[in-house]
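Visitor: Build me a structure from this.
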Amino acid sequence: MPRSGVASPSPDVLAAFGLDGDLEPVSGGQQTVWRVGAAVLKPLDTTPEILGWQEQLLTTLDGRTDFRVAPPLRSSSDALVVDGWTAWRYEPSRHMAGRWADIIAVSRSFHRAVAEVPRPAFLDRRDDPWAVADRVAWGEIPMTDYVDMPHVAELAAALRPIAATPQLTHGDLTGNVLFADGLPPVVLDLSVYWRPPTTASAIVVADALVYEQADRELLDAVSDPPDFAQYLLRALIFRVVVHAGLGPDGGDPFADAVRLALDLAGPP
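Guide: Numbers count the residues shown, from 1 in each chain. Reported below is the predicted structural model:
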């Protein structure tokens, strides 16, 4: 099923990965992902180093019963990338709106499973908008360079130190924990940072408040540390800086979530 103006993997790519069948577009994201039978193909969107690291980690996690993962596939010539395309095992799943508490439960399981994974060296070399926004939120880039962005100054003024041990975290679980009847949830599209694991839960809450019309009752379903508000402030700074940096059109989706986070954090 062709997509007008969107590249699709060639027959040579399919043959290299040992795939045979019709290309089916996968909805969501950048509209560049295709399913062929038991595999999903998408353009390489990271470095070969990071892709190889993901393969190693996902292979280690494969076969768990509390969550699923989808490791990348190798071609007949043992390559992870063929003509700019990667292949991944297809896992039956779909996004289910409103299952934020379930996503946070999966986040806890995932982060327990990767708690001993060493810090990847490539994190220091990342300079994409998400990596920059993460460093801003955690004070590794001067906040003063970003206070002109909406809400950053007021969120930054409420920040307090967090005493917690960093580890490997997946920083984009909201749309990447998917569900299927009778199967464990699947965790997709690793977005890697080195932060305390509660950061991942806070980003899920921020996303739910900002983009999925959640309300304050969501916080009642999240049994996180007493300083959760500090994680939520950082999660909102992270999302605001990415949002402003990418320059999307439209209004301000953050105002209500920022007011809630500041109220939760309490007075200075």
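
Visitor: quick one: contacts of the stretch of helix or strand residue 203 belongs to?
Guide: Secondary structure from DSSP states H and E places residue 203 in helix 198-211. Residues outside helix 198-211 that contact it (C-beta atoms under 8 Å, 6 or more residues apart in numbering) are 100, 103-104, 107-108, 110-111, 164, 169-175, 193, 214-215, 218-219, 222, 224-225, 228, 231-232, 234-236, 238-239, 253-254, 256-257, 260-261. In short, each C-beta sits where N, CA and C put it, glycine included.

Visitor: tell me the mean pLDDT for that helix?
Guide: Regarding helix 198-211, the rounded mean pLDDT is 95.

Visitor: Now residue 256: closest residue in space that isn't a chain neighbour?
Guide: Of all residues not flanking residue 256 in the chain, residue 209 sits nearest, at 7.0 Å (C-beta to C-beta, 6 or more residues apart in numbering).

Visitor: just checking, residue 268 touches residue 157?
Guide: Yes. Shown here, residue 268 and residue 157 form a contact pair, counting by C-beta atoms under 8 Å, at 6.9 Å.

Visitor: State the phi and psi torsions of residue 194.
Guide: phi -120, psi 90 (degrees, to the nearest 10).

Visitor: Pretty sure it sits against residue 123.
Guide: Yes. Contact status for residue 194 versus residue 123: in contact at 5.7 Å, counting by C-beta under 8 Å.

Visitor: C-alpha coordinates for the helix holding residue 203, CSV please?
Guide: Backbone C-alpha positions of helix 198-211 (Å, rounded to 0.1, in the frame of the first residue of the first chain) are rendered in CSV as follows:
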residue,chain,number,x,y,z
THR,A,198,11.5,8.2,38.4
THR,A,199,12.3,10.7,35.6
ALA,A,200,10.7,8.3,33.1
SER,A,201,7.5,8.2,35.1
ALA,A,202,7.5,12.0,35.4
ILE,A,203,7.8,12.4,31.6
VAL,A,204,4.8,10.0,31.2
VAL,A,205,2.8,12.1,33.6
ALA,A,206,3.8,15.4,31.8
ASP,A,207,2.9,13.9,28.4
ALA,A,208,-0.4,12.7,29.7
LEU,A,209,-1.2,16.2,31.2
VAL,A,210,0.0,18.2,28.2
TYR,A,211,-0.9,16.0,25.2
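
Visitor: Pull out the buried residues from it.
Guide: Buried positions in helix 198-211, judged by neighbour count with 16 or more other C-beta atoms under 10 Å: 198-210.

Visitor: likewise stretch 255-265?
Guide: 257-258, 260-262, 265.

Visitor: Residue 156 touches residue 143, doesn't it?
Guide: Yes. Proximity of residue 156 to residue 143 meets the contact threshold set by C-beta under 8 Å, at 4.8 Å.

Visitor: can you give me the helices for this protein?
Guide: In the chain, the helices defined using DSSP state H lie at 11-16, 48-61, 100-113, 129-137, 152-157, 198-211, 217-220, 228-246, 255-265.

Visitor: any idea which of the buried residues of helix 198-211 is the one closest to residue 33?
Guide: The closest of these to residue 33 turns out to be residue 207 (C-beta to C-beta; 20.3 Å).
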